[in-house]
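> pasting the sequence and the predicted coordinates here, then a few questions.
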Amino acid sequence: MRNFEKSVKLNNVCYDIRGPVMDEANRMIRAGEDVLKLNIGNPAPFGFRAPDELIKTMTNNLVDTEGYSDSKGLVSAREAIIKYDSKKGIDGVSIDDVYTGNGVSELITLSMQGLLDYGDEILVPAPDYPLWTASVTLAGGTAVHYICDEEQDWYPDIDDIRKKITPRTKGIVVINPNNPTGALYPKDILIDIVNLAEAHDLIIFADEIYDRLVMDGEKHVSIASLTNGLCITFNGLSKSHLIAGYRVGWMSISGNKKNAKGYIEGINLLSSMRLCSNVPAQSLIAPALDITAETDTLIQPGGRVYEQREFIYNAINDIPGLSAVKPKAAFYIFPKIDTEMFGIVNDEKFAYDILKEKKILFTHGGGFHWEVPDHFRIVYLPEMDVLKDAAERIRDFLSNYRQEGVFV
């Protein structure tokens with residue numbers, strides 16, 4: 001009989017946020033074990049709730065959103081996105097330049113499929129959100145990872161970007177605020193990236209899903225506001241409005257579109273093929289972008305996200321063998337492990353070992369295309385008492401850990 005194997009297009013695709021370590025965690029849970037999940041930025045399981053006003057709005061809109069919308073989305077939603085872009089300093093976005101999606105993830109994949117031919121290259125940060133690398137690869141392209149420098153608050157290494165631009169490079173991905181590091185890029189770094197992109201005719205793909213979750217009085221600068229070149233900006237409500245399960249995302253195209261007519265035709269075709277995104281969820285975009293108070297409360301001193309960020313940063317740096325740069329945005333911290341102290345040569349095995357012994361699940365640094373086995377990502381969304389328990393488990397685990405054996 002014929003064997004059916006996975007597509008060869010998946011050979012270089014990984015998504016270890018939901019990979020083999022998580023598979024083992026799910027097996028443990030099915031066996032009745034309690035596993036503390038610190039691996040996915042999903043607010044709902046940790047007691048975060050969407051604003052009541054949004055729930056009421058969606059309920060009231062259900063009868064009027066039973067049919068398909070335009071493939072790009074409701075006019076009211078796209079007009080609200082244009083208004084939001086304008087507030088961020090992004091000019092020249094028309095109603096036809098905005099596309100709603102079932103979350104940003106769908107649109108990332110769509111944007112890569114519409115652009116890339118076999119052998120084309122896209123510059124992607126390391127560490128990255130792994131969907132970007134996966135989407136580039138599935139579209140037939142090659143993800144070339146540029147380094148973000150931990151010694152410089154995880155900012156992109158401009159010299160490394162410059163060295164990795166080739167005649168096959170079509171674009172550069174900028175994840176700001178960053179997942180998994182929580183870094184927020186200053187304006188001068190963004191200008192340096194813009195200058196490289198404009199000099200080499202590169203499209204900028206700006207992942208800004210966390211732009212409303214910035215702490216310490218810092219301000220997010222949208223890279224699209226700094227360039228006249230072609231830029232595609234991705235955003236959504238999953239994180240800022242705590243409705244990840246509703247799948248509400250969008251992308252907007254700004255800058256010089258004259259030489260991108262063919263690419264935009266491809267995007268339009270792919271957008272039409274999936275008919276439209278979730279229409280009830282689209283109906284929340286306009287009202288949601290006027291609701292900021294509840295998010296602002298979470299990220300101010302005394303707010304839950306802020307205080308949990310403070311705790312986990314201090315707790316990690318207090319554990320011998322661990323250190324971390326303080327995140328300025330989002331829900332994540334990316335600690336560094338002293339690999340010599342613990343004999344670590346495989347960070348995925350480290351994640352597996354602590355899962356088995358302490359029943360804590362997090363994602364190893366390699367899952368974010370960080371090549372050195374010396375980092376892991378913690379999601380600090382759980383309530384404070386859970387984070388305190390997690391910190392103590394990690395401390396206890398590392399007090400006598402020495403990596404042995406091979407991870408299979």
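That came in fine, so what should we check first? Numbers count the residues shown, from 1 in each chain.

> can you pull out the strands in the stretch 151-300 of the chain?
155-156, 169-175, 203-207, 231-236, 248-254 (DSSP state E, counting those that start in this stretch).

> tell me the angle of the third one relative to strand 169-175?
Going by axes from the mean of the first three to the mean of the last three CA atoms, to 10 degrees, strand 203-207 is angled at 20 degrees with respect to strand 169-175.

> CA atoms of strand 203-207 as CSV?
This file holds the C-alpha atoms of strand 203-207, laid out as CSV (Å, rounded to 0.1, in the frame of the first residue of the first chain):
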residue,chain,number,x,y,z
ILE,A,203,9.4,45.8,1.5
ILE,A,204,9.0,46.3,5.3
PHE,A,205,6.7,43.9,7.0
ALA,A,206,5.9,45.5,10.4
ASP,A,207,4.4,43.2,13.0
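
> need the contact partners of that strand.
Applying CB atoms under 8 Å, 6 or more residues apart in numbering, the external contacts of strand 203-207 come out as 104, 108, 111, 115, 122, 129, 132, 170-176, 193-194, 197, 222-224, 227, 229-234, 260. C-beta coordinates here come from the backbone N, C-alpha and C atoms, glycine included.

> how about a cut-off of 7 Å?
If you take CB atoms under 7 Å, 6 or more residues apart in numbering as the criterion, strand 203-207 is touched by 111, 129, 170-175, 197, 222-224, 227, 229-234.

> follow-up on the earlier one: who wins for proximity to E392 among the strands of the stretch 151-300 of the chain?
strand 169-175 (31.4 Å; CB to CB).

> so what strands line up beside that closest one?
Paired with strand 169-175 in the same sheet, following DSSP bridges, are strand 121-126 (parallel), strand 203-207 (parallel).

> report the separation between the closest residue to I319 other than its chain neighbours and K170.
The shortest distance from I319 to any non-neighbouring residue, by CB to CB, 6 or more residues apart in numbering, is to R395 (4.9 Å). Per CB to CB, to the nearest Å, R395 is found 46 Å from K170.

> from the chain's centre, how far out does stretch 187-197 sit?
20 Å (CA atoms, centre = their mean, to the nearest Å).

> report the buried residues of it.
189-190, 192-194, 196-197 (16 or more other CB atoms under 10 Å).

> which ones among these lie within helices?
When those are checked against helices (DSSP state H), the matches are 189-190, 192-194, 196-197.

> tell me the one of those residues nearest P280?
Checking these against P280 with CB to CB, the nearest one is L190 at 35.1 Å.

> surely that closest one touches L226?
Yes: shown here, L190 and L226 form a contact pair, counting by CB atoms under 7 Å, at 5.6 Å.

> let's have the buried residues of stretch 187-197 in JSON lines, adding pLDDT and distance to P43.
Formatted as JSON lines, the buried residues of stretch 187-197 follow (pLDDT from 0 to 100; distance: CB to CB, whole Å):
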{"residue": "I189", "pLDDT": "97", "distance to P43": "28"}
{"residue": "L190", "pLDDT": "98", "distance to P43": "27"}
{"residue": "D192", "pLDDT": "97", "distance to P43": "33"}
{"residue": "I193", "pLDDT": "98", "distance to P43": "30"}
{"residue": "V194", "pLDDT": "97", "distance to P43": "32"}
{"residue": "L196", "pLDDT": "97", "distance to P43": "35"}
{"residue": "A197", "pLDDT": "97", "distance to P43": "33"}
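
> now, which of the residues you listed sits nearest W154?
I189 (10.6 Å).

> surely that closest one touches Y155?
Yes: if you go by CB under 7 Å, I189 and Y155 touch, sitting 5.1 Å apart.

> pLDDT below threshold where in the stretch 151-300 of the chain?
The stretch 151-300 of the chain contains no residues with pLDDT under 70.

> related to what we said a few turns ago, just give me the neighbour total for the residue nearest to I319.
16 (other CB atoms under 10 Å).

> cool, S272 as well?
S272, neighbours per other CB under 10 Å, totals 12.

> for it, which non-adjacent residue is closest in space?
S71 (4.5 Å).

> swap in I90?
For I90, the closest residue by CB to CB, 6+ apart turns out to be A224, at 4.4 Å.

> just S222 next, same as before
K88 (4.3 Å).

> the one you found and L226: what is the separation?
According to CB to CB, K88 and L226 sit 11 Å apart.

> try L213
21 Å.

> re the thing from before, got the buried residues of stretch 187-197 as CSV, with distance to L284 columns?
Shown next, in CSV, are those (distance: CB to CB, whole Å):
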residue, distance to L284
I189, 33
L190, 29
D192, 36
I193, 32
V194, 32
L196, 37
A197, 33
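
> need the strands of the stretch 151-300 of the chain in a markdown table with mean neighbour count and distance to G366, can you?
Below are the strands of the stretch 151-300 of the chain laid out as a markdown table (neighbours: other CB atoms under 10 Å; distance: least, CB to CB, whole Å):
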| stretch | mean neighbour count | distance to G366 |
| --- | --- | --- |
| strand 155-156 | 24 | 20 |
| strand 169-175 | 24 | 17 |
| strand 203-207 | 25 | 20 |
| strand 231-236 | 26 | 24 |
| strand 248-254 | 25 | 27 |
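
> nearest to F334, out of the ones you listed?
So among these, strand 169-175 is nearest, using CB to CB, at 12.5 Å.

> chain center to that closest one, what's the gap?
For strand 169-175, the distance to the chain centre is 15 Å (CA atoms, centre = their mean).

> and what of stretch 152-164?
Mean-position distance between stretch 152-164 and its chain equals 19 Å (CA atoms, centre = their mean).
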